[in-house]
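In: Predicted coordinates and the sequence they were generated for:
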Amino acid sequence: MAMLIGSIAIVAIPILFAAIFFPDNPALEVSYPASPPRRRLTDRPTEALLADALRSGPCLKPTRVVLTLSTSADRDARPTVQSLVDQSCPVDALYLFVMGDSSAEPSRSLREVKAMSDIIIVKKMARRSSNLLAALEEERDPSTWIITVEDDVVYQRDMVLALVVAAAALPSNVAPAFWCAQAFVRVGSLRYSGLPAGSSEGTVFGWCYSFAGVLYKRWFFDDQVFLLDNAGYLAPDACVKHGDVWAGGHMLSKGHGEFYLVNPGFMSFTGGMQTAFGRGLIRDSEAHCASWFAAYWGVFAEGRPANIYRHPHFQRREKDLKMLSMFGDLNRNGSFLESRALDGRNNSLSFFFEKELGWRGILIEPSEIQPPLLGDRNGSLVMQTAICGQAGAKRTWLEAFDGKSNLPGVAAFEDSLEKEFVRLMDFTREVRRTPLRCRQLKDILQQAEMPKLHFLALDCSWDAMDILSKFNFQDHDIDVIYLEVTRSKCRFLTRWTHPFRSWSWSCEKIFEKPLKDLLASNSYILVDTILVDIGGLPSLALKQFFFHYAMHVTVGLFFRRESPEPEPLQEMARDEVISSYKCAQDGQNFEICELPAHNG
């Protein structure tokens, strides 16, 4: 009886608490899943694209395409290599990297392999390397496409052609493959589920397997990928065994890409000395390697151990990764404007775009303290000023320091803060005031000669409406607009039953509706919402609480100019849908978002 009462209490108390503590209309759910939803990116399946290519005659490759595989001196790679030489879409080079003693004489089978075709290049391979890393060392042209395969599989004749036509049809930052693994986080650990050949086509958050064929683009990788062989690097030994996981982790860490599972209507391999099913892949060691990459944990990975890998050029991990995802086809000549750029590195939304993609932009920082620190942003125009709705207006920029950090805890126009709060800051903090003369957004863009922006980031919730209402969108071409806004009186409650770490939350006061209406009238739609901070705490602080109340939270809104999108080919299979936000207005100034659970 006591156990029954205890069980009822465990269920009833949270429900009773939620009814008392939580409002009638919960607004949003925030959770920490690693896997974005799978999506289809083409309006025609790979099978149809392949059929067109076969009817059109000889294979026309859009760039240099090479194959890479590794073997050892005592293995017979002839059946595999013959199947690759006989492909319907001939490659420009076929690298065969030989592991083992570099002084040993090549075996008879290796000599015969080399004689099969002029495109075959046989080379020795370092002990701690993979066929992809070895090919990346040889192929430095960023436009080259590199297809990874393995030496114990006989490949179907149209394997290369299927990958090439898929890569040509997909956005430039996508790697097509035949067999993959989808990563996700559950119960505090990183896990994955297989997406074998024949699964429905769509994006993959995880890694893909070389034995079935994966097409990478050389520009996906920088020299960080070679650190596997660095004795001082902290990568786990499991990553030496699982080169596919290592490659996927670096591709995702750089933010460039995602994999795409293709289904051309056939298996990419037809058999071999040791088939893919007999490999005995050690699942926990794959997960052990994957767990080392923050990217596999998702963008909320800052709370992981300090020795976890993050690409050094990502600063605001959720914001810059989310912004990068707005551009499916990456532009190497992009432009941006970022207000409140701080020192241009720490917490900079645009740092990755300038350093990795070569974009140029404008950095706006009102503080007289921060601009001298912007020395490593040579591709950007730095201005110590403020963007306002009224040109020439004189205003005072206030910064309050607590003595523990060089960055201010409070930074805003003094006239945007409540007088009592300003008096409190004067009494308890070191306060610095900087007089400024405001500039309008259009004047700054005109001075920089930038009528086109790929993204505009305004971190000025107090002035965003005033700035944008006086901006002529017809005179400027802006693809994505990121705004940070404030919501008030917000409640957060843990959802115990959700498979992810999840919180329902709502705010009584939501102020951004006029902004949404203004941008909608200029053909912009809200495409994503993120929680930036909770009363001055990072969003990760929620992990400490069963429930939480915050007077103010900061929310980031991503708006994109409307453009026609292809109709989905068909609904994704239920077991392949990874959790995603679905939002709608409830008619009472609340934004209702449902976060369906991943059931994989």
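Out: Looks like it came in fine. Numbers count the residues shown, from 1 in each chain.

In: lowest-confidence helix or strand of the protein?
Out: Across the helices and strands of the chain, mean confidence by mean pLDDT, DSSP states H and E is lowest for strand 591-594: a mean of 31.

In: Glu449: how many residues sit nearby?
Out: 7 (other C-beta atoms under 10 Å). Where C-beta positions appear, they are placed from N, C-alpha and C, glycine not excepted.

In: Sorry, slip of the keys, the one I care about is Ile121.
Out: 15.

In: What of Ser193?
Out: Ser193, neighbours per other C-beta under 10 Å, totals 16.

In: Show me what it is bridged to.
Out: Beta-bridge partners for Ser193, by DSSP bridges, are Gln182.

In: Mind listing the strands the strand ranked longest in the chain pairs with, and their directions?
Out: Among the segments of the chain that qualify as a strand by DSSP state E, the longest is strand 477-494. Under the criterion DSSP bridges, strand 477-494 sits next to strand 452-458 (parallel), strand 502-510 (antiparallel), strand 547-561 (antiparallel) in its sheet.

In: right, and those - which one's nearest Gln384?
Out: Set against Gln384 and scored by C-beta to C-beta, the strands paired with strand 477-494 come closest in strand 452-458, at 16.8 Å.

In: from the chain's centre, how far out does the closest one sit?
Out: With C-alpha atoms, centre = their mean, to the nearest Å as the basis, strand 452-458 stands 19 Å off its chain's centre.

In: before we move on, what about stretch 246-253?
Out: On the basis of C-alpha atoms, centre = their mean, stretch 246-253 sits 11 Å off its chain's mean C-alpha point.

In: List of residues touching that stretch?
Out: By C-beta atoms under 8 Å, 6 or more residues apart in numbering, the residues outside stretch 246-253 that reach it are 130, 132, 148, 175, 205-208, 216, 220-221, 224-225, 228, 235, 239, 257-259, 289-290, 292-296, 309-311, 314.

In: Give the rounded mean pLDDT of that stretch.
Out: Regarding stretch 246-253, the rounded mean pLDDT is 88.

In: could you dump it to CSV, C-alpha only?
Out: Coordinates of each C-alpha in stretch 246-253 appear next as CSV, following Å, rounded to 0.1, in the frame of the first residue of the first chain:
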residue,chain,number,x,y,z
TRP,A,246,36.4,11.1,-37.6
ALA,A,247,35.7,12.6,-41.0
GLY,A,248,32.0,13.2,-40.2
GLY,A,249,32.9,14.8,-36.9
HIS,A,250,35.3,17.3,-38.6
MET,A,251,32.9,18.0,-41.4
LEU,A,252,30.1,18.8,-38.9
SER,A,253,32.5,20.7,-36.6
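
In: quick one, which of the strands paired with strand 477-494 is packed in tightest?
Out: Per-stretch averages of neighbours, counted by mean count of other C-beta atoms under 10 Å, single out strand 452-458 among the strands paired with strand 477-494, with a mean of 22.

In: Could you identify the helix or strand that succeeds it?
Out: Scanning forward in sequence from strand 452-458 by DSSP states H and E, the next helix or strand is helix 464-469.

In: how about low-confidence regions in the stretch 101-250 of the chain?
Out: 101-109, 127-128, 187-188, 228-234 (pLDDT under 70).

In: Which stretches in it count as helices?
Out: 108-114, 131-138, 159-169, 238-241, 243-253 (DSSP state H, counting those that start in this stretch).

In: what about the strands paired with strand 477-494, which gets the closest to Pro79?
Out: strand 452-458 (48.1 Å).

In: outside of the closest one, which residues touch it?
Out: With contact meaning C-beta under 8 Å, 6+ apart, strand 452-458 is reached by 323, 326-327, 331, 334-339, 349-350, 359, 387, 445, 464, 467-468, 476-484.

In: Now with 7 Å, please.
Out: 323, 327, 331, 334-339, 349, 464, 467, 477-483 (C-beta atoms under 7 Å, 6 or more residues apart in numbering).
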